[in-house]
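Asks: structure for this input, please:
(chains A and B)
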Amino acid sequence: MVEQFQAPKGTHDILPPESYRWVKLVASFAQVMNRAGYGLVQSPMFEDVGVFQRLGEGTEVVRKEMYDFYDKGDRHLALRPEGTASVVRAFNQYQPTTPWKVWYVTPCFRYEEPQAGRFRQHHQVGAEAVGSADPDLDVEVIATQHDFYQSLGLSSLSLRLNSMGSADDRRTYTEHLAGWLNQRLDDLDEADRLNVAAHPLRVLDSKRERTVQATADVPCITDFLCADAAEHFSRVQAGLQALGVAYEVDTRLVRGLDYYTYSTWEFAAGGLSSAQNAVGGGGRYDGLAESLGGKRVSGVGFGAGIERILLAADAESALEDASANLDVFVVDITGGDVGRDITFELRRHGISADRAFGGRSMKAQMKVADRSGARLALLVGPDEHAQGMVTLRYLRSEAAQISLSRVGLAQQLVAVLAQN
RNA sequence: CGGGCCGUAGCUCAGUCUGGUUAGAGCGCCGGGUUGUGGUCCCGGAGGUCGGGGGUUCAAAUCCCCUCGGUCCGCCCA
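Replies: From the prediction side, this is the model:
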């Protein structure tokens, strides 16, 4: 008995018809991003582990979820846990003119226990605008992400927005927050106390009842913004308002990655439980390029989880009709030569066409034709073959079947398809 | 890393508590319902070492132990 393999823990195969939704989603994303002047970037799925370690030693992703390994040359590499670091690494490497506006679609890997909406390999679409600190780019990126969700028909999303201020602001606030929390350690949930020393910002993100109550009047990051950061935040908000992108300022919004400064945001799906309702988030990052050995430039971008988006789409019945939409199915019971030739003739004229294989009976072939979802069936039997004709049968209506000449078949079908 | 649930036909599951004839259903698949025609209907068929191993027993899908896998919750994230 040979061992039967299955997809590794936390991974999944995306098969038809589900994969049609992926094609549609990615196509929508590509269209929205290209229209905004963003170009596709394809970078390696693995990098030197150091690229990802710069995401911050305090992050879960780096501390315990990294999918790292040593290759045959003893290089320490890691599969990407998120998209931004690779893009910034590439920016440093090629130094393109700025702002460098790019988008990507990629698998992401995190070694963790899988559950609903969480995998060891998941997929993200994302975009980055690197090399400019202009707050209008924050606006553009957020609004474009918003428009992407809209293009999928998602309507129950909410956007939370915050500002972490400059790197100095962030540091000052973090220290102040740590002190504030330390004086109230006993009031916090036990599980959150460890974070106070290691990662005080994370405590703000806690959903534990006790901690939430104890930090109800916690100092706000927005009270610690320098003049420049405050001005930036204000312009971002004005821009979103002008573009009709609804948002809510949430001064407790803390995201999982350490590198964010200035704007940070997260889109949540109303239809999903809070454990996995985040369908995408992003922020501005001032120190990342420099920490990866590049110049001191700022960037802003987001990542959005495809699986999460599809879950959200399920919850509000969006993105459902995404099937193949075959035009014609060819049925040939004369041996297959005619069916083979007609199928290719149609395809070469831009008509989507499929056929049955295996030399089965007409009844069997018709069943396959029906299941294919095709609008029309073309039947070729001995009679049609002898007369140089084919029979056109309508699979989605009650119209009577008709005969068409084999000569100029594709042109005739183009006309038929146009009027149905 | 802590905890719950579940592994029986391709899929969804019943049967397990109260061991006992050839292990079932629905859907799907294949074939047929006279001469070459799908979707409804009818008939027939293929398909399962009951996750794996060990134990108890005259007898195990069913009871016990071990093990592997899946799934979900917490935490955290996409």
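Asks: CA only for contacts and neighbour counts going forward, please
Replies: Noted.
Asks: list the contacts for A:Ala353?
Replies: Going by C-alpha atoms under 8 Å, 6 or more residues apart in numbering, A:Ala353 touches A:Leu326, A:Asp327, A:Val328, A:Phe329, A:Val330, A:Thr343, A:Phe344, A:Leu346, A:Arg347.
Asks: actually, A:Val380.
Replies: A:Val330, A:Val331, A:Asp332, A:Ile333, A:Thr334, A:Val338, A:Gly339, A:Met389, A:Val390, A:Thr391.
Asks: hang on, isn't the fifth one packed against A:Asp383?
Replies: Put plainly, it is A:Thr334. No - the pair A:Thr334 / A:Asp383 is not scored as a contact, 9.6 Å apart, by C-alpha atoms under 8 Å.
Asks: between those two, which is the more surrounded one?
Replies: Set side by side, A:Thr334 and A:Asp383 show more neighbours around A:Thr334, with 15 against 12, by other C-alpha atoms under 10 Å.
Asks: how about the residues of the stretch 201-350 of chain A by RNA strand B?
Replies: Listed as neighbours of RNA strand B in the stretch 201-350 of chain A under the rule C-alpha under 7 Å from any atom of the strand: A:202-203, A:205-208, A:254-257, A:274-281, A:303-305, A:307-308.
Asks: burial check on A:Asp186, number of neighbours?
Replies: 12.
Asks: RNA strand B contacts on the stretch 51-200 of chain A?
Replies: A:60, A:110, A:112-124.
Asks: please save the CA atoms from stretch A:69-79 in CSV.
Replies: The C-alpha trace of stretch A:69-79 is given here as CSV (Å, rounded to 0.1, in the frame of the first residue of the first chain):
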residue,chain,number,x,y,z
PHE,A,69,15.2,27.1,6.8
TYR,A,70,18.8,26.6,5.7
ASP,A,71,19.4,25.8,2.0
LYS,A,72,22.1,23.6,0.6
GLY,A,73,24.5,26.5,0.6
ASP,A,74,23.8,27.0,4.3
ARG,A,75,22.0,30.3,3.6
HIS,A,76,19.4,31.2,6.3
LEU,A,77,16.2,31.9,4.4
ALA,A,78,12.6,32.4,5.2
LEU,A,79,9.3,32.1,3.3
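Asks: can you give me the pLDDT of A:Glu113?
Replies: Looking at A:Glu113, its pLDDT stands at 85.
Asks: residues in contact with it?
Replies: A:Gly10, A:Phe119, A:Arg120.
Asks: redo that, cut-off 10 Å
Replies: A:Lys9, A:Gly10, A:Glu65, A:Phe119, A:Arg120 (C-alpha atoms under 10 Å, 6 or more residues apart in numbering).
Asks: what does A:Val62 give?
Replies: A:Val62 neighbours (C-alpha under 10 Å, 6+ apart): A:Val49, A:Phe52, A:Gln53, A:Arg54, A:Leu55, A:Gly56, A:Pro81, A:Arg110, A:Leu257.
Asks: how about the strands of the stretch 51-200 of chain A, start to end?
Replies: A:67-70, A:76-79, A:100-109, A:121-130, A:157-163 (DSSP state E, counting those that start in this stretch).
Asks: kindly state the beta-bridge partners for the closest residue to A:Thr251 other than its chain neighbours.
Replies: Of all residues not flanking A:Thr251 in the chain, A:Asn162 sits nearest, at 5.5 Å (C-alpha to C-alpha, 6 or more residues apart in numbering). Using DSSP bridges, the bridge partners assigned to A:Asn162 are A:Thr264.
Asks: I figured A:Asn162 was touching A:Gly281, is that so?
Replies: No - using C-alpha atoms under 10 Å, A:Asn162 is not in contact with A:Gly281, being 11.4 Å away.
Asks: which neighbours do these two have in common?
Replies: In contact with both A:Asn162 and A:Gly281: A:Thr264, A:Trp265, A:Glu266, using C-alpha under 10 Å, 6+ apart.
Asks: next one: the residue nearest to the second one when sequence neighbours are not counted from A:Phe233, what distance?
Replies: If the residues on either side of it in the chain are set aside, A:Trp265 comes closest to A:Leu161, at 4.4 Å by C-alpha to C-alpha, 6+ apart. Summarising the geometry, the distance separating A:Leu161 from A:Phe233, computed by C-alpha to C-alpha, to the nearest Å, is 10 Å.
Asks: for the residue nearest to A:Trp265, what are its contacts?
Replies: Per C-alpha under 10 Å, 6+ apart, neighbours of A:Leu161: A:142, A:233, A:236-237, A:247-254, A:263-267, A:281-283.
Asks: understood, closing this out.
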